[in-house]
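A.B. asks: for reference, the sequence and a predicted model appear below.
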Amino acid sequence: MTDKIIFLDFDGVLNTEHYQNFLYHEGKPWQDKFSAFFDPEAAAQLKRVIDATNADIVVESSWKYLGLEAMQEMWEARNMPGRVIDITPSSVSDSWLLTANLEDIEPAMGHCKGMEIASWLSDNAKKGTK
């Protein structure tokens, strides 16, 4: 694992409404076995960031319900840039909760991407590598 991580959401980032509308109006397929196709322009921008930073990717998207192996398989099948090394937890980890200031986070204890990212960072900082 590198020390550079991109926490990547898909919907609205790689899976854009603009590209889905384009596919619809052109009468082209809009999805494969994984789900909706990614916008090639968005993928090209991601490639620019990956090339410049050499960062690894941790998926922070509702698509993560498919699991890490499916995310990695999709990345390879779609010839996407970079390397998916993990997915964020679907809920915050016990170890992160033990060190968090609960007064600051208590109002937002529902699904929160920021909390899931913080939990992943906390869990993986102890491991050093994934």
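C.D. replies: Received the coordinates, thanks.

A.B. asks: pretty sure residue 49 is in contact with residue 5, am I right?
C.D. replies: No - taking contacts as C-beta atoms under 8 Å, residue 49 lies outside contact range of residue 5: 11.8 Å. Backbone N, C-alpha and C define where each C-beta goes, glycine included.

A.B. asks: residues shared between the contacts of those two?
C.D. replies: Common contact partners of residue 49 and residue 5 (C-beta atoms under 8 Å, 6 or more residues apart in numbering): residue 55.

A.B. asks: okay, those two: which has more neighbours?
C.D. replies: Taking other C-beta atoms under 10 Å, residue 49 and residue 5 do not tie; residue 5 has more neighbours (19 against 15).

A.B. asks: tell me the phi and psi of that one?
C.D. replies: Note on residue 5: its backbone torsions stand at phi -130, psi 140 [degrees, to the nearest 10].

A.B. asks: and it, bridged to which residues?
C.D. replies: Applying DSSP bridges to residue 5 gives these bridge partners: residue 56.

A.B. asks: check contacts around it.
C.D. replies: Residue 5 touches 55, 56, 57, 58, counting by C-beta under 8 Å, 6+ apart.

A.B. asks: out of the residues you listed, who's nearest residue 78?
C.D. replies: residue 57 (12.9 Å; C-beta to C-beta).

A.B. asks: give me the number of residues near the closest one?
C.D. replies: 22.

A.B. asks: so what's it up against?
C.D. replies: By C-beta under 8 Å, 6+ apart, the contact list for residue 57 reads 5, 6, 8, 50, 75, 82, 83, 84, 85.

A.B. asks: stretch 73-93: how far from the chain's middle?
C.D. replies: 6 Å (C-alpha atoms, centre = their mean, to the nearest Å).

A.B. asks: name the residues of it that come out as buried.
C.D. replies: By 16 or more other C-beta atoms under 10 Å, the buried positions in stretch 73-93 come out as 74, 75, 80, 82, 84, 85, 86, 87, 88, 89, 92.

A.B. asks: just put these in a markdown table and tack on secondary structure and distance to residue 36.
C.D. replies: As requested, these are exported to a markdown table (DSSP: H, G, I helix; E, B strand; the rest coil; distance: C-beta to C-beta, whole Å):
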| residue | secondary structure | distance to residue 36 |
| --- | --- | --- |
| 74 | helix | 11 |
| 75 | helix | 15 |
| 80 | coil | 14 |
| 82 | coil | 19 |
| 84 | strand | 17 |
| 85 | strand | 23 |
| 86 | strand | 22 |
| 87 | strand | 18 |
| 88 | coil | 20 |
| 89 | coil | 24 |
| 92 | coil | 28 |
